[in-house]
Structures are given as C-alpha cells and as structure tokens.
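S.K.: Make a model of this:
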Amino acid sequence: MTSNDRPERSYSWADDPYWVDALDRFVATRDAGAKTITLDIEAVEEAIFNGDGPAYRLLYAMESVMKLEGEDGFRGAPRLTLALLQILKELR
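M.R.: Numbering: from 1, shown residues only. So this is what the prediction gives:
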C-alpha cells in the first residue's frame, strides 16, 4: 500500500501480514517474558507522518474493524493496538 493507494473495500486487517505478523511478534515477545516496551521517540515521530507509515495504515485497519467486526464486538481493535505497539517498538 502506498500513500496514494487506499485498500480495497474487501480489506481486512486480519488478512494483512503487516498487522498479523506484528501481532505474532508481540505475542512471542510477551510469551518469552518481556514486561516492558521501549520506543525510540524520534523514530516514531518520523514514521507516523509517513503516508505509508503505521498511523495511516492503522486508519485503514481500524476502518476494517468498524465495517467487518461490529457484530463481533470490535475484537480487532485491541489486537491492532498490540500490533501497533510492536511495530513502533521495532522502529529505529
């Protein structure tokens, strides 16, 4: 996805490796005993303003939660938050 491309209407965050793989990495790190996350504030600030960065990708992912998971209680929202934390942690 580029800054000028919007995901297709059938887009679901749960099918997007960007989010699913990050969530898997978060779970693996947590299960390995990690108790804290450290963020590089400068790297985060630079990345979030990138049109293809995590902030804009999160917008589309959360849109898919709203459209596709309403009846399921929006269970993707917390998972996306954990995946986002992992993605932000990995920025350097």
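
S.K.: Could you name the helices and strands sitting against the helix or strand hosting Ala28?
M.R.: Here Ala28 sits within helix 17-31, counting by DSSP states H and E. Other elements packing on helix 17-31 under the criterion 3 or more Cβ pairs under 8 Å, 6 or more residues apart in numbering; DSSP states H and E are helix 54-68, helix 76-90. (C-beta placed from N, C-alpha, C; glycine too.)

S.K.: Show me what stretch 14-24 is in contact with.
M.R.: 13, 57, 61, 64, 76, 79-80, 82-84, 86-87, 90 (Cβ atoms under 8 Å, 6 or more residues apart in numbering).

S.K.: shaky segments in the chain?
M.R.: Along the chain, the parts satisfying pLDDT under 70 run over 1-9, 72.

S.K.: how does it look with 80?
M.R.: 1-9, 70-74 (pLDDT under 80).

S.K.: how many neighbours does the residue lying closest to Ala61 once chain neighbours are set aside have?
M.R.: Nearest residue to Ala61 in three dimensions, chain neighbours excluded: Trp13, at 3.7 Å (Cβ to Cβ, 6 or more residues apart in numbering). Counted with other Cβ atoms under 10 Å, residues neighbouring Trp13 total 25.
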